[in-house]
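Colleague: Here is my input; please provide its structure:
(chains A, B, C and D)
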There are 2 protein chains.
Amino acid sequence: MENPKENPNPESTAGGVPKAVISRLSLYLRELEHLERTDKATTSSSQLGSVLGFSDAQVRKDLAYFGQFGYPGIGYRCSELIGAIRHILGTDRTWTCCLVGVGNLGRALLGYKGFHQRGFRVVAAFDVEHDKVGSSIEGVDVYHLDRLPELASENTITLGVIAVPAPAAQAVADRLVEAGIEGILNFAPTTITLPDGVSHVGVDLAMELEQLCFAVLNSRDKTND
Amino acid sequence: MENPKENPNPESTAGGVPKAVISRLSLYLRELEHLERTDKATTSSSQLGSVLGFSDAQVRKDLAYFGQFGYPGIGYRCSELIGAIRHILGTDRTWTCCLVGVGNLGRALLGYKGFHQRGFRVVAAFDVEHDKVGSSIEGVDVYHLDRLPELASENTITLGVIAVPAPAAQAVADRLVEAGIEGILNFAPTTITLPDGVSHVGVDLAMELEQLCFAVLNSRDKTND
DNA sequence: TAGATTGTTAATCGATTAACAATC
DNA sequence: TAGATTGTTAATCGATTAACAATC
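Modeller: As a prediction, the model looks like this:
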């Protein structure tokens, strides 16, 4: 046991990818798409890293979790790496989504072009207020929340976006789960509890500002050292 | 050198707090505020952790970076810990903010009650479109971006929120920096470059959905093991 | 007192960095 | 060829977990 052997099971990588790697993958993708739009055919780990504030080693290591995408001496072909990262993230297919909560934020999300551009199709919006139900926002029909199960199975909706007030969020989450949704993006500023097998990402806008406050205070301290 | 001494400089903690600790602190705070609203006077590291999916040890360790806030045998008094975390994050004071970009998302942000509730005061909004300039949204006046320097110094605006299209984001960031802003919350789906001393948090809504996709795909794999 | 829970240390685990042979 | 850059290994660094004496 003093002299450990090499891992005898080389293809066992799949499950053990750090979560931080996946966020960076999204950043690499965004940057690569930007490079491609500005007609750069290739890039390198050091170029990609320096724009985003990571080391070249980190970029290569992150990609190495999933395979070999580069050319020694050359770097990475943007279009190829874009395709590879999209495939890894799963955004090389179309995802069918619904939105619950057509308030200020919900309406803004429906108007957000970025979702459609990246292959997310919002096929229905839901609310419980009768003056909203029946309307159409940015081409998306607004239904009463009671019709969620029906529309979810008709359209095989996979992802749900929650944009309701915090007190309603858990009940909405439960109904999305009941309707067979596999993933929830939660904008309500509250913790929601979900069964295993349902994925979850939470975005709390006020929390992001809090993080910024802390960063500002720390930066002040560092400057007046 | 074989037998290293204990750290001779015990109070050198300040700078070295992992970034992940700060996000968890925000989550603890949100949960504590929820507990307080539901009339729980005290909680414990294991209770706090289990709701949020962390271990009790992690909760205690995170708090230990900043001091001692609990009572052995009792736990934490919610109101005290809320005060302590707010002080750590810097949200025990009022932060003066401005918003640039009064599109769908910008308007939604102006209507978002959570900011004001947590001590963020949005004192001005800016845009370059003449039909928007001069209007007032949710009680916040919309000015032409050219008036940013003037209004920033009059109101000592500390934080700026960017909600403009990606191609305009860097130029807006530069003008915010020029106007003396100390922190930027960027909702534009692009990387912005800032000088040292200006803090930065980026939120890319499409990226969050990408993260969710990956989680859903992985969860499927795990289920069909 | 017995039970609960903290703060803190030491042990474990995981992630990042540095270095370099292989490749174009 | 010389220069650039990859993929990968080993070394370093940092963060999480487990354990427990101290405390209420």
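Colleague: Toward the C-terminus, what is the element adjacent to the strand or helix carrying A:T96?
Modeller: Under the criterion DSSP states H and E, the helix or strand holding A:T96 is strand A:95-100. For strand A:95-100, the succeeding helix or strand toward the C-terminus, using DSSP H and E, is helix A:104-111.
Colleague: now could you export just the CA positions of that next one as CSV?
Modeller: The C-alpha trace of helix A:104-111 is given here as CSV (Å, rounded to 0.1, in the frame of the first residue of the first chain):
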residue,chain,number,x,y,z
ASN,A,104,-42.1,42.3,-13.4
LEU,A,105,-39.3,39.8,-13.4
GLY,A,106,-41.3,37.1,-15.2
ARG,A,107,-42.2,39.5,-18.0
ALA,A,108,-38.5,40.6,-18.3
LEU,A,109,-37.4,36.9,-18.6
LEU,A,110,-40.0,36.3,-21.3
GLY,A,111,-38.6,39.2,-23.2
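Colleague: residues making contact with that helix?
Modeller: A:99-100, A:102, A:115, A:122, A:125, A:127, A:137-138, A:140, A:161, A:163-164, A:187, B:103-105, B:107-108, B:111-112, B:205 (C-beta atoms under 8 Å, 6 or more residues apart in numbering or on different chains). In this view, the C-beta of every residue, glycine as well, is placed from N, C-alpha and C.
Colleague: one more time with 10 Å
Modeller: A:97, A:99-102, A:115, A:122, A:125-127, A:132, A:136-140, A:142, A:161-164, A:185, A:187-188, A:205, B:103-113, B:138, B:163, B:205 (C-beta atoms under 10 Å, 6 or more residues apart in numbering or on different chains).
Colleague: how far off helix A:104-111 does the strand holding A:T96 point, in degrees?
Modeller: Relative orientation of strand A:95-100 with respect to helix A:104-111: 150 degrees, computed using axes from the mean of the first three to the mean of the last three C-alpha atoms, to 10 degrees.
Colleague: Any idea how far strand A:95-100 is from the middle of the chain?
Modeller: Its chain's average C-alpha position is 13 Å from that of strand A:95-100, according to C-alpha atoms, centre = their mean, to the nearest Å.
Colleague: mind checking how far stretch A:44-51 is from the chain centre?
Modeller: The answer for stretch A:44-51 is 22 Å, by C-alpha atoms, centre = their mean.
Colleague: Equivalent analysis for stretch A:132-142, please.
Modeller: Worked out by C-alpha atoms, centre = their mean, stretch A:132-142 lies 25 Å from the chain centre.
Colleague: ok, and what's touching the helix or strand of chain A with the lowest mean pLDDT?
Modeller: Each helix and strand of chain A was given a mean pLDDT (mean pLDDT, DSSP states H and E); the minimum falls on helix A:113-117 at a mean of 89. Residues lying outside helix A:113-117 but in contact with it, judged by C-beta under 10 Å, 6+ apart, are A:33, A:95, A:97, A:99, A:109, A:120-122, A:138-139, A:161, B:104, B:165-166, B:188-189, B:204-207, B:209.
Colleague: Filter these down to the buried ones.
Modeller: Neighbour counting over these (16 or more other C-beta atoms under 10 Å in any protein chain shown) leaves A:33, A:95, A:97, A:99, A:109, A:120-122, A:161, B:104, B:166, B:188-189, B:204-207, B:209 as the buried ones.
Colleague: What residues does chain A have near DNA strand C?
Modeller: Residues of chain A found near DNA strand C, taking C-beta under 7 Å from any atom of the strand as the criterion, are A:18, A:20-21, A:54-55, A:57-58, A:60-61, A:71-74.
Colleague: Go through those residues and name the one nearest B:I157.
Modeller: A:F54 (30.7 Å; C-beta to C-beta).
Colleague: Next, the contact list for A:A41, please.
Modeller: When the contact criterion is C-beta under 10 Å, 6+ apart, the partners of A:A41 are A:L35, A:G75, A:Y76, A:R77, A:C78, A:S79, A:E80.
Colleague: Please name the nearest non-neighbouring residue to the second one.
Modeller: Using C-beta to C-beta, 6 or more residues apart in numbering or on different chains and skipping residues adjacent in sequence, the residue nearest A:G75 is A:S44, 3.7 Å away.
Colleague: which phi and psi does that neighbour have?
Modeller: Backbone geometry at A:S44, expressed as degrees, to the nearest 10, gives phi -130, psi 170.
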